[in-house]
Every structure is written in structure tokens, then in C-alpha cells.
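Novice: next one to model:
(chains A, B and C)
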Amino acid sequence: MTLIRKPLSRRSILRAGAAGGALLAAPTIFTSRAWAAGYVNEPTGSTVTLGFNVPQTGPYADEGADELRAYQLAVEHLNGEGDGGMLNTFSSKALKGSGILGKKVEYVTGDTQTKSDAARASAKSMIEKDGAIMITGGSSSGVAVAVQALCQEAGVIFMAGLTHSNDTTGKDKKANGFRHFFNSYMSGAALAPVLKNAYGADRNAYHLTADYNWGYTTEQAVRESTEALGWNTVETVKTPLAATDFSSYITPVLQSDADVLVLNHYGGNMVNSLTNAVQFGLRDKLVNGKNFEIIVPLYSRLMAKGAGANVKGIFGSTNWHWSLTDEGSKAFVQSFGQKYGFPPSQAAHTTYVQTLLYADACERAGTFNPCGVVEALEGFEFDGLGNGKTLYRAEDHQCFKDVLVVKGKENPTSEFDLLEIVEVTPVEQVTYAPDHPQFAGGALGSCNSGA
Amino acid sequence: MLGLDKKDTSTFLLVVALVVFAPFLLNPFPDGSELAQFNAGYPDLMQRFLIFGIFAIGFNILFGLTGYLSFGHAAFLGVGSYAGVWMMKLLTMNVVPAIIMSVIFAGLFSLLVGYISLRRSGIYFSILTLAFAQMSFSLAYSVLTPITNGETGLQLNLDDPRVLGVSQVGGSIPAANFFGLAMRDSYELVLGNWLFTFNAGYYLCAVVMIAAFYVSVRIFRSPFGMMLRAVKSNQNRMNFTGLNSRPYTLAAFVISGMYAGLAGGLMVAMDPLAGAERMQWTASGEVVLMTILGGAGTLIGPVLGAGFIKYCENIFSKINDNILYQWFSALPDAVADFLVFIIHPFIGKGWHLTLGIMFMLIVIFLPGGIMEGISRIGKLFSRKKAEQGPNGTAAPAPAE
Amino acid sequence: MDAIFLQILNGLDKGSAYALIALGLTLIFGTLGVVNFAHGALFMIGAFCAVTLQRILTLSFETIDPERLDFLGNPLKVKTPYVESWFGPEMGAAIIDWSVPLAILFSIPIMALVGLMMERGLIKHFYKRPHADQILVTFGLAIVLQEIIKYFYGANPIPTPAPAAFAGSFDFGAMLGFDPNVIIYPYWRIVYFLFSAAIIGGVFAFLQFTTFGMVVRAGMADRQTVGLLGIDIDRRFTIMFALAAVVAGLAGVMYAPINSPNYHMGMDFLVLSFVVVVVGGMGSLPGAVLAGFVLGILESFASMAQVVALFPGINQIVIYLVAIIILLTRPRGLMGRKGVMES
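Specialist: Residues are numbered from 1 along each chain as shown, chains lettered A, B, ... in the order given. All right, here's what the predicted structure looks like:
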């Protein structure tokens, strides 16, 4: 009888046993108490398992599918298959295409259903059943925050997928969680100057805001940034998440003296509210001699596709776009496009990059131990992953990089060519202090390796 | 035994045995084998089986006995969860006060909802409960954000007061525990190629669930249970005899609401987060499905239904094409491609489709739910035995 | 004043969508006694008829344009729809532009067929089963149908614009002598309202003034007696089911330009439309229509900023709150009959 600490990857235990040539005949009891070193799900065999937790059902299923494609591509590249993608352009050269720390990368997938509960159940099963050492993915901030807290508790690393709310690295930040995606504050800071140039400093804005956390932080960020440049906020109205028809929220805009409508909506909400706003002729309206304008702070290509021709000429911000021409983006678009036949979305990009960043951090730390990985990622500066020079800030585990301001394209050449880049806002302009009021409260705590 | 008749005692002992040995029973396939994907013997899912089992048992006390179909029971589970998390934030990480408060709050809320909704019957009652639950969900998701933390769900923080405990231990939130025994602690047993996990939280759930099951059996067999059945068969006639049925149905409603709160409390004890989606109509619908699929009005049926749905949700959604190719790796490529192509729509992102088809099949062919399936199989065997028997006397088939 | 007028328009518009779906639900429930949770899925399939026709009309062949490059740096493949090459670019573009109205014709046979198959293949066997079983099996069917749609069309909404001729808005204000461009309403939404009104009127006229309708109404009141009179009520009920499916499908086709269709739009409407049906009173067609409009208008008013400022969150819950109040004051909804679905 041997007494060993519990949290081990079950697969690796058995593989190690099988590799040793002898099956364990006598019952062996592993307990959760006695053992000094080690950490949850330490990979002891020849493979390491990553957990890809994305929405596969529900309204964000297509975005989740794109994330999953990017993950599969990343795993191929890490294991030295395919053309290597961004491994060739990444400024850190620790990754050699031989897996992570010599272990072949395997993965398990799960469905978050875009619900906190389901996402946590799925992540738990990856940790408890499949021995995943890192969880990544997700397409909404609620899920990201919930899974991040779970990973902190369980002692594994969480590499956030698409999550844009300030809270993820603000009041709900966790030591084991990292976000590459940009956030509401950055959207506001990047958009405001562009909007001022395009529409002037004397504007009256009307906000429609989805009635949940992400909506609140985005509204606040855009409002504060635009007001700082002289805009006036006429009214902010919250719309129910379940709303499908926004007509009764759009018609009051007609009667206000607003000349800009800001739609703090995402996904299906945004597609419907934008479609409705255009139906009501807002874009043909003249107020105080100025053209009425609509703004969508957070754009994604899939949403632009759903809204069809309605997005033409509408400003918004995005984390990344496939038409970027730096070496990293080109390499990624090339290998993604070759494999799947269409260009990747921003969700695919951020998840691919997060996987590479995690793998690279393990290589540099020389261990899978979450505390080592945290140390390697904190304050890490890198380049060549598509957004120019980037910093993983130690204080809040947020990436700081250039932000794209985009506009719906007037004459798309294909069904993917829906957005055009108006400006690449330099990182200095979107950087904020870690204790900025929009991010106040919360603390990272200390890293947890499950020991 | 324990005031149960012989048949109920054996049912009860069967449930106890199933629950105690679940870590073995749910891990039938050796680790590392292709079929290990279908193992369900890991703590989180086993806890979920029991918690949703409690939820469904409670729901069955209302629906199975009185026939009142509530479409709002998820709201009680949600309220219980919020109460539980708040206890952990304010008081202590010991799960006992959290669970007790969950039950109390859910009970109070169900008293309010039940008092109003039970003025109507049939579908009008269903819509009233649905309306209350949807209102709770919408408000918890939006305007009640200060109390519920909205979309993200209510969670523990490092700076929570926890007056009877500690706010944090070395930069981490302390673990939920039962008088010092951490809920996430496990003992693992390796037997040959099998690995079995015995989780502290699971066995806490097991004790609670067995107690809840026992109480439900006693209610089913009590005069009170008889009265509830009378409501189901003919409420009018009952009222004509001068009996007011409302206090009985209200009592059943509150009891089942407290069961829901108990489930909610256990849920946060296992995993300290309370999300608003727990109260959505789909969650209420889920417990209805569990109960009817398993067999409404039967004792074990709802538990089986709960297990069935949670199994589908957690196991089928995790199978991906990669795993399929591993299964079929022995076959020629073309055959493997074809099989993957055929199976692909039903797994991973298609698990809803599988669930929908299984619902339909069960409802179409087994009107009494899974329990009817089991008793049919039972009958089949007993008939065979009878035919093979020396005298050919048909054994009487068990009715339930 | 303008604001209230506009919200009434919004309410009528929303209400007509609720009323159409609730009408179909009540038709099936009233005639066949079946609670059909798959009715939202029929609405969704209708909308996807419009999507499908749009896809068919834009079926394209590819020509290579060596001048331009695609995202991988290969020569760009330019897609030209077949209809444009057959009928000339202008005529072809016009046909594609009118795909939603054309989809009305396209959807009627499809929806009738879907309805027939559902009734003959599944629902028929559930006439004598408890309502709970009916709910379960149709709910399962709804999941299956929406997952099939998701498998072929994805989860993302698909834009299906109305013809360009309907793109603008009608200016009520200018017509009534107010400031222009304040009280305006999109043409397509007006069309949708008129269309719904026409369908609702058509269904009532059909039940009221035709022999077929008379028999069906008699069957709703007392199925057994009508059967004893030697009338093949079953066949008529099958036709009623197909009719209800067509009504739901048409509602879906016409709704497609208002909000881009996605696979779960049926579920989004399902719960609301059940609340509408019950508030109207189980089994009452006029009740369903009335409740649809009442709830639509109240929902629109509750979303006004002034109202929300007084009662925070009221816009989220108004329908349910009103449903509770109505059910507590009127035990069987607005126009419900005694003894229907009460036990």
C-alpha cells in the first residue's frame, strides 16, 4: 500500500503503470492528504491534457465552433504538425513543435451552453475525469468569470476566451486566470477619438444597453470616454436580455434629440437591435443638421454576418481582424484558411493565441505547475501574435496591446469581408492604471496549484 | 424496518446500496480504454446525480401525488442557492448553516408562491408558477444584480466578512467544509486498471439524499399522502365531503419547495456559485422532464430520470470527432470516416438532438417512463421463469 | 403623445406576432385537444422557408477573377447567382430581392406537408394520452426540429431582408400634420400587421362561414356526438393541424425580415405564446387574439423609459405580472371556458 496525494491525472497514473510493465494488482489507495510536492493533475505520462470549454449549443454555438477549430489548429502546431502557424512569428522561441515540455498535447472538449452552471460542470468534469491541467475558452463574460473562479479554487490555469467585460480582469480577477482579449474600457478609449474625428465633438448620444454585467461595463466605458471628448449623453436605457424585438426601445430614440445611438449589445441582441434601428430609418435621419449615426462598441464578424447589409458604415471595435497584414496575422490566417477554407474570427484568434501563450509559459517555466506558469506569464512581453507588442500585466493578468477600430464595409468582396480596419489604436492610448475606477475592487489573491 | 413495509424496505435498501456503491457502479469501464468516455464516476457528476435526484424527489411529492404541474420549481432551487452562498459569504464556510438557510428561504418563497398559485388549478396553476419563476429569473439577472451578481452569478470573494470563519487563507478563499472535512477531498482507489473516487462531498450528498428519499417514502405511505392522492383523483368530490383540500396541497407545495431549496443548498455546498440561469423556465422544465421520464408517482423513477438527463448532458456533450476516430481506429479509413460522419450530428454540439430523440422514444414507447421499462423487463423475466417452471404456473407480475 | 402613439403601434405589431402564434396553438388545442409544444418550432421552420428560398435563389456558379485576390492570396472566385445569368442581372437581382414575399408561396405547401406528417406520424397517437405526455413528446420534437435546422444552417442569425421597395418608413406624423420624421413606422412592419390581421380574419371567417368550419366548431364543442353523426371528424382534424402549421409558418416567413431568423427563435416565442394562450383562456380563439394584442401593447408601454424609472425592471416582467393579475381576477383567463385543462 502506498500513500500518495490525490490530485493526479488518472490517465497518467494508469499509463505510467502500464508503461512500467506491471499492472497494479493489489489495491492502492491514493489519498488527498500526505505528500509534499506536486499539484493538481500533474502530467506524469507522455501526454498533457488541455480542456477546451466552449459554447457548442445555444446562441453562441457558431462562435464556439470557431474557437474549437482554432484550438485544434493550435494543438497541431504545438505537436509539430501542419505549417507551424504563429509559432514561426512568435517572439519567444521556447516552443519547438514537440508538444509542451516534451509531452504530446492532447485535449478534451466540453459545452458551456453559455451558462455559468453548465460551464462549471463541464470544466469540473475535465479537471476531475480527464485530468486537464488547463481550461480555456468561452464566449461570454459571465461564463469566463464563473469558470475562472472555479479554476482558481481547483488549482488549474484558466486562459479566458472571448470575454470583454471589465470585471474579468477587474473586480473578479483571479491569480490563476489570464485574459488576452481586450475589454470594455479599451473599446471606449479606442473608439472615442475616432468617433470625434468622424462625427465631431458636439454630439448627443443615446445608449441602449443589454441588462447584465457586460452591458453595464461597456456602457460606462463608452460613456465616460466619449463624454471626456465633449459628447453629451442624452439617455441610457437598459433592454432585457431576452428581448428579440427592439422596436419599443428604438421608437423613443426617434423622439429624443439624440443624434447618435450606441448599441451596447452583443450576439443576437446586437443583430436584432441594429436591424431594428436601421428598419426604423435611423440612419436616414437628420437631427440638428447632422446625420444620425449608430455605433456598436464590440463587433464580431459573425454578428456582422447576421446583421447583413445593416452594418455598412457602422463603427465599432474589435480585438483582431484577419485583414491585418503583420507577419503573425498572415501566418495564422494562412494556416487556418488552408485547413478550414475561410478566414478565422477574432474569437478563433484569441483562443489560438492563449493556447500558445500557455504552452510557451510552461516551456519557459520548465513546469506545468500553475504557480510556475503564473510567474512566467506575469509581466511577459511578446510580439508576433497579431496585435503588435503586447504585455501580460502582472497586476491584473490583462493583455495590453493595440486595439482595432473597424467599420462595416460598404462593398464586401466576399461573405467574410464585412469589416474594414479604420484605425489601429496604439496600446498607450488604451492602457489604464490597475486601480482605475472601472476596475476597482477585487484582488488577484495568490496562485493556487491545488496543493 | 424504520416504519416501512417489506416492499418499501427493500426499495429503500436498494437505493442505499446504489448510492453507496455508485463510485464503483458508475465506473464500469477500465481507465484508458475506449469506453472510459462513458464512465460517470467522477465526483462532480455523481454529486449532480444526487442533487438533482433530491430536486426530482421533491417535485414528485407535489406532481406525483397531487397532479399539480408546477413550472416554476427552479425558482426555489435558485433562491435556496442564493441564500446558501450568502451564508458562506457572511457567516462561515461550513456547509451546514448554508444548507439550512437554503431550505428555510426556499420554504418561505414557496409558501408565498404556493399560496397565490394554488388558487387556480390545471394549466392556470402551471402558468402562474411559470410566471413567478420567470419573474424571479429576469429580476435576478438584471435589477437585483446587487444581491445576485446578475449574469456572472453570486460567488465568494476574498474580502467577504465570514464572521464565524476567516475571509481568506493565504490569498485563497477557504474551501467549503463539513466541520473541517473539505467537500472536495477525495480518496482514490486503484484496482487493476480501474480507478474509483470516493469524494467527501458526494457522501454528504448521499446521506442527505437518502434521508430525503426516506422522508418521501414516509409521505407517500402516510394518511397525508393518501389525502394528496385523493386531490389528484377527484378534488371536487373531496371538497363536497366538506374537506378543504387547499391546506394539504399547500403543504405539499411547500415541502417540495423545501426539497428544491435543499438541492440548491447542496449545490452551493459542492460548488459555491449561484447563477440566475438556475431559475429560468428551462431549468423548471428540466425537473418536470426528469420526473415524467423516470416515472411520475413512483418512488425511484424521478431519481433515475434525473440521472438519465444529467448523464446525457455531461457525457454526450464531451465526445468529439477526435474521440470517434480513436474508437474506430482499427477500421479502414473510409469506413471510419463514414461512421464518424453518421455519428457526428449526435455527439458534442449535437447532444441536444440525442436528448430530444431519446425523450420522444421514451414517451412514445414507455408512457410510464423508465420505471415502466424496468417493470416490463421484470415481467419478461418472471414470465420466462414461469414458463420454464415445472408446473407452468404464471407468477403474478409486480404491479409497481 | 407621439411617444404613446408610437408605442401603441409597436404593441400592435408585437401583439400581431403573439396573436398569430397563439391562434395556431389554440386551433390545435381547441380542435384536437393536444398541447403542442412544437408550435414554436413550426414558426421557426416557416422563417427558415424564407431563408431556404433565398439560398435557392442565390445558388451561384463561380468564375475566377485573376485581377483580385482572396484572403489566402489565391485568385478571387466571384460568385454569380444562376438566376442572374438566366434572367439578366437586373431581373435576377429583383427576383432575389423579392425572395421573402415569394417564400410565402413556397412555404404553404411545405408547411402543410410538415403539418400533415406531424399529425399522421406522431400527434395522432397522442390524442388519448395525458396532456403531460403530449407536452413531453412535442417538446422533444421541438428540440429535434431545431437541432436539425441548426445542423444545416448554423446557430448564427441569417439576414433575410425585405424587398428594397419596403425599406423605408411611413410617416404618420406628416400625414396627420405633425412634424415630419417623428411618428414614422417601417413599411414592412405595417405589412406584417396587415398580413396578420388578414390571416386572423381569414381563419375566423373560415370557421364561421364554411360548412367545414361549422363541423370543426361542432367537433370542438362535442367531438363524440359529431362522430356519431357519421362525420369523419378525424380527417378534418388532420386538415386543421395542417392549417395551423401553415398559419405558424406564414407568421414565420413574414417575421424573417423583422429579425434575422435563428434556430432557437421558436423556443423564444414558445413560453410567451403559452402565456398568451392561457391569459386569453384555454380553448378560446378570440381570447387568444385579444390577449396577444393586450400583452403586446402593455409590453411596449412598460419598456418606456418613464415607466421603467418608476418601476425598475418592469420591462422584464410585465407580461408575467399581467398574466398573474389576470389569472387571479379572472379564473379562466379573459375568455376561457369552464372545465378546459383545469384538472
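
Novice: quick one: what helix or strand has A:Thr136 in it?
Specialist: Here A:Thr136, judged by DSSP states H and E, is contained in strand A:134-137.

Novice: wait, does that strand contact chain B?
Specialist: No. Interface with chain B: strand A:134-137 contributes nothing (C-beta under 8 Å from any C-beta of the partner chain), its closest point being 13.1 Å away. In this view, the C-beta of every residue, glycine as well, is placed from N, C-alpha and C.

Novice: how close does the residue nearest to the spatial centre of chain B get to A:Ala118?
Specialist: Centre of chain B computed as the mean C-alpha position; nearest residue by C-alpha atoms, centre = their mean is B:Phe52, 1.5 Å away. The gap separating B:Phe52 from A:Ala118 is 13 Å, by C-beta to C-beta, to the nearest Å.

Novice: next one: C:Gly336
Specialist: Using C-beta to C-beta, one gets 37 Å for the distance from C:Gly336 to A:Ala118.

Novice: grab the nearest non-local neighbour of C:Ala132.
Specialist: Counting by C-beta to C-beta, 6 or more residues apart in numbering or on different chains, C:Ala132 lies nearest to B:Ile292, which is 5.8 Å off, once chain neighbours are set aside.

Novice: shouldn't that neighbour be in contact with B:Phe308?
Specialist: No. Using C-beta atoms under 8 Å, B:Ile292 is not in contact with B:Phe308; the gap is 11.4 Å.

Novice: between these two, who's got more neighbours?
Specialist: Regarding B:Ile292 and B:Phe308, a neighbour count based on other C-beta atoms under 10 Å in any protein chain shown identifies B:Ile292 as having more, with 30 against 21.

Novice: got a list of what that one touches?
Specialist: Under the criterion of C-beta atoms under 8 Å, 6 or more residues apart in numbering or on different chains, the contact partners of B:Ile292 comprise B:Gly305, B:Val363, B:Gly369, C:Ala132, C:Asp133, C:Leu136.

Novice: tell me the SS of it?
Specialist: When the structure is reduced to helix, strand and coil (DSSP: H, G, I helix; E, B strand; the rest coil), B:Ile292 reads as helix.

Novice: now it: how far from B:Pro367?
Specialist: 10 Å.

Novice: overlap in contacts, the two.
Specialist: With contacts taken as C-beta under 8 Å, 6+ apart, B:Ile292 and B:Pro367 have C:Asp133 as neighbours in common.

Novice: which positions in the stretch 151-300 of chain A make contact with chain C?
Specialist: On the criterion C-beta under 8 Å from any C-beta, chain C has as its neighbours in the stretch 151-300 of chain A the residues A:211, A:235, A:237-240, A:242, A:244-245, A:247-249, A:251-252, A:254-255, A:268, A:271-272, A:275-276, A:279-281, A:284-286.

Novice: for PyMOL, what selects the buried ones among these?
Specialist: Provided next is the PyMOL selection string for whichever of these are buried by 16 or more other C-beta atoms under 10 Å in any protein chain shown:
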select buried, chain A and resi 211+237+238+239+240+242+244+245+247+248+249+251+252+254+268+271+272+275+276+279+280+281+285
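
Novice: the residues of the stretch 151-300 of chain A next to chain C also near chain B: which ones?
Specialist: Filtering those for neighbours of chain B using C-beta under 8 Å from any C-beta leaves A:Asp211, A:Lys238, A:Pro240, A:Ala242.

Novice: residues contacting the residue in the stretch 101-250 of chain C that chain A sits nearest to?
Specialist: Minimum separation of the stretch 101-250 of chain C from chain A (C-beta to the nearest C-beta) falls at C:Pro159, amounting to 2.8 Å. C:Pro159 sits next to A:Thr275, A:Lys305, A:Gly306, A:Ala307, A:Gly308, A:Ala309, A:Asn310, C:Ser260 when contact means C-beta under 8 Å, 6+ apart.

Novice: which stretch of helix or strand covers it?
Specialist: Taking DSSP H and E as the definition, C:Pro159 sits outside all helices and strands.

Novice: how near is B:Phe220 to B:Asn60?
Specialist: B:Phe220 is 9 Å from B:Asn60, where distance means C-beta to C-beta.

Novice: ok, the two, which is more surrounded?
Specialist: Looking at B:Phe220 and B:Asn60 with other C-beta under 10 Å, you find the greater number of neighbours at B:Asn60, namely 29 against 20.

Novice: just confirm that one contacts B:Val303, I think it does.
Specialist: No. The pair B:Asn60 / B:Val303 is not scored as a contact, 9.1 Å apart, by C-beta under 8 Å.

Novice: the residue of chain B found nearest chain A: neighbour count?
Specialist: With C-beta to the nearest C-beta as the measure, B:Gly171 is the residue of chain B nearest to chain A, at 2.9 Å. Applying the criterion other C-beta under 10 Å, we find 13 residues in the vicinity of B:Gly171.

Novice: what's the closest residue to it other than its chain neighbours sitting at in phi/psi?
Specialist: Take B:Gly171 and drop its neighbours on the chain: the residue closest to it by C-beta to C-beta, 6+ apart is A:Ser446, 2.9 Å away. With angles defined as degrees, to the nearest 10, A:Ser446 shows backbone torsions of phi -110, psi 160.

Novice: confidence score at A:Ser446?
Specialist: In the prediction, the pLDDT value recorded for A:Ser446 is 91.

Novice: for A:Val287, give me phi and psi.
Specialist: For A:Val287, the backbone dihedrals are phi -120, psi 130 (criterion: degrees, to the nearest 10).

Novice: which residues does it bridge with?
Specialist: When bridges are assigned using DSSP bridges, the partners listed for A:Val287 are A:Lys290.

Novice: now do the contacts for it.
Specialist: With contact set as C-beta under 8 Å, 6+ apart, A:Val287 has these partners: A:Asn204, A:Asp257, A:Ala258, A:Asp259.

Novice: which bits of the stretch 101-250 of chain C sit near chain B?
Specialist: If contact is defined as C-beta under 8 Å from any C-beta, the residues of the stretch 101-250 of chain C in contact with chain B are C:122, C:125, C:129, C:131-133, C:136-137, C:139-144, C:147-148, C:151.

Novice: 7 Å - rerun?
Specialist: For the stretch 101-250 of chain C, the residues found near chain B under the criterion C-beta under 7 Å from any C-beta of the partner chain are C:Arg129, C:Ala132, C:Asp133, C:Leu136, C:Val137, C:Gly140, C:Leu141, C:Ile143, C:Val144, C:Glu147, C:Tyr151.

Novice: minimum pLDDT in those, which residue is that?
Specialist: Ranking these by pLDDT, C:Ala132 lands last with 78.

Novice: the host helix or strand of that one packs against which elements?
Specialist: Here C:Ala132 is covered by helix C:131-153, with elements defined by DSSP H and E. Contact analysis of helix C:131-153 by 3 or more C-beta pairs under 7 Å, 6 or more residues apart in numbering or on different chains; DSSP states H and E lists helix B:281-294, helix B:351-365, helix C:39-57, helix C:265-280 as its packing neighbours.

Novice: and the pLDDT at B:Phe38?
Specialist: If you check B:Phe38, the pLDDT there is 89.

Novice: and what of B:Val95?
Specialist: B:Val95 carries a pLDDT score of 95 in this model.

Novice: the closest residue to it other than its chain neighbours: what's it in contact with?
Specialist: Among residues not flanking B:Val95 along the chain, B:Ala269 sits closest, at 3.7 Å (C-beta to C-beta, 6+ apart). Contacts were defined as C-beta atoms under 7 Å, 6 or more residues apart in numbering or on different chains; by that measure B:Ala269 touches B:Gly84, B:Val95, B:Ala98, B:Ile99, B:Ala176, B:Met183.
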